[in-house]
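[1] Okay, sequence plus prediction incoming.
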Amino acid sequence: MVDTTNELSVDDLAIASIVEQATLQVRGVNSFSTRFYDSVVDEISRPFGIQRTPGITIKHKKEGLSLHLYLIVDLERNMVELGKEVQQEVYRALQNTFAIEAFAIHVRIEGIVTPGEVN
């Protein structure tokens, strides 16, 4: 029997993977921030088989998908422009890959590195 509901279920790790790729393509994004909170949650959730991507928080709300991205960026870019570009690229990637509408993409800059500095 063929399922004709045309429903697609996408795992959060798949969403995070696309978000990560789209974000890291933006010039000036150095890396995702590995926050202390992420480390604590990972240690608690790992025995239960829950996997997360550090620096990316995904929330499912009735309005749609809400993303929080925690970034380390290069000093060479205007931070407001960089944040807007990340939002646009992530939105576009989610639309093109999964036809998912993110209603909120929050970008938080948690650190700045000088060009050439490795974080």
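    Right, received. Where do you want to start?
[2] only C-alpha atoms for contact and neighbour calcs from this point on.
    Noted.
[3] Tell me which stretches of the chain form helices.
    Using DSSP state H, the helices found in the chain span residues 12-24, 36-45, 79-98.
[4] For the spatially closest residue to F32 that is not a sequence neighbour, grab the count of nearby residues.
    Spatially, and ignoring its direct neighbours in sequence, F32 is nearest to L71 (4.5 Å; C-alpha to C-alpha, 6 or more residues apart in numbering). By the measure other C-alpha atoms under 10 Å, the count of residues near L71 is 23.
[5] correct me, but L71 touches S33?
    Yes - counting by C-alpha atoms under 8 Å, S33 is a contact partner of L71 at 5.1 Å.
[6] quick one: the closest residue to V29 other than its chain neighbours from K62, how far?
    Distances taken as C-alpha to C-alpha, 6+ apart place V73 nearest to V29, at 4.5 Å, with adjacent residues excluded. Using C-alpha to C-alpha, to the nearest Å, we find V73 at a distance of 31 Å from K62.
[7] Could you do L8 as well?
    17 Å.
[8] hmm, back to that, who touches both of L71 and S33?
    Counting by C-alpha atoms under 8 Å, 6 or more residues apart in numbering, the shared contacts of L71 and S33 are 55, 110-111.
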